[in-house]
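Peer 1: Sequence and computational prediction follow.
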Amino acid sequence: RKEVEQDPGPFNVPEGATVAFNCTYSNSASQSFFWYRQDCRKEPKLLMSVYSSGNEDGRFTAQLNRASQYISLLIRDSKLSDSATYLCVVNMGSNYQLIWGAGTKLIIKP
Amino acid sequence: NAGVMQNPRHLVRRRGQEARLRCSPMKGHSHVYWYRQLPEEGLKFMVYLQKENIIDESGMPKERFSAEFPKEGPSILRIQQVVRGDSAAYFCASSPGLVESYEQYFGPGTRLTVT
């Protein structure tokens, strides 16, 4: 089993719709969780950290479910500019090393 | 406040040559990470460095690849005797190295093409 797993997609979603993806992680000792987005041929950019209590930033909401060991990302009122690959990232306990999922590709269609 | 800087942005090398990739972390960041990304694939961790120390190089091939982060100057990822399979995007990220913050910030990457 991979340490961090994501559905690769692509998710084809009409503009204005709500879309959600999950990411599962294998290490129950993981402490920090992040969502990054990566545009084609660009560097990953931090979208948001995921806290135990959840985190909301505008149209984006991230949740953590420790019992089931997954994190989720919800995007409301999706925009064309949301088209990207969304990377789930988990750190392992006190280790600085981040484990990266392979990403979920999102395509927003007009 | 400049972000993470990488150069060159594009590098073309013939098989057997050496490639040197440079990374200057964000101001105030003392931790540097190198990643490799093949087309249509996810990021693969290569090496984690602090100033003058390699902390974790478990993702780096044992041969031909080396990395350093000297006391002064940028971090360098060096690939000797490049082969076609080394063609990829190489990203550098930095973090402040604080226990409460594992967030990493990425440079624009160096795209290495081996001909």
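Peer 2: In hand now; what should we look at? Since we're looking at a predicted model, the values are computed, not measured. Numbering: from 1, shown residues only, chains lettered A, B, ... in the order given.
Peer 1: what about residue 30, neighbour count?
Peer 2: Reading this off chain A. Around residue A:30 there are 20 other residues, counting by other C-beta atoms under 10 Å in any protein chain shown. (Each C-beta comes from the backbone N, C-alpha and C, glycine too.)
Peer 1: To clarify, I was referring to chain B.
Peer 2: By the criterion of other C-beta under 10 Å, residue B:30 has 14 neighbours.
Peer 1: Am I right that it is in contact with residue B:51?
Peer 2: Yes: checked against C-beta atoms under 8 Å, the pair residue B:30 and residue B:51 is within contact range at 5.8 Å.
Peer 1: If you count contacts, what does the lowest-mean-pLDDT helix or strand in chain A end up packed against?
Peer 2: Taking mean pLDDT, DSSP states H and E as the measure, the helices and strands of chain A show their lowest mean at strand A:98-100, namely a mean of 85. When contacts are defined as 3 or more C-beta pairs under 8 Å, 6 or more residues apart in numbering or on different chains; DSSP states H and E, strand A:98-100 sits against strand A:84-91, strand B:43-50.
Peer 1: can you rerun that using 7 Å?
Peer 2: With contacts defined as 3 or more C-beta pairs under 7 Å, 6 or more residues apart in numbering or on different chains; DSSP states H and E, the secondary structure elements packing on strand A:98-100 are strand A:84-91.
Peer 1: Pretty sure residue B:75 sits against residue B:31.
Peer 2: No: at 10.0 Å, residue B:75 does not count as touching residue B:31 under the criterion of C-beta atoms under 7 Å.
Peer 1: Between the two ends of stretch B:48-58, how far is it?
Peer 2: 9 Å (C-alpha to C-alpha, to the nearest Å).
Peer 1: and if you look at stretch A:87-99?
Peer 2: Separation of the first and last residues of stretch A:87-99 by C-alpha to C-alpha is 10 Å.
Peer 1: In the chain, what residue spans correspond to strands?
Peer 2: All of this refers to chain A. Along chain A, the segments classed as strands by DSSP state E run A:4-6, A:11-14, A:19-25, A:33-38, A:45-50, A:55-57, A:60-65, A:70-75, A:84-91, A:98-100, A:104-109.
Peer 1: that answer is for a different chain, and I need it for chain B
Peer 2: In chain B, the segments counted as strands under DSSP E are B:5-7, B:10-13, B:19-24, B:31-37, B:43-50, B:53-56, B:65-68, B:75-79, B:88-95, B:105-106, B:110-114.
Peer 1: Show me what the second one is in contact with.
Peer 2: It refers to strand B:10-13. Contacts of strand B:10-13 with the rest of the structure, by C-beta atoms under 7 Å, 6 or more residues apart in numbering or on different chains, involve B:19, B:82, B:110, B:111, B:112, B:113, B:114, B:115.
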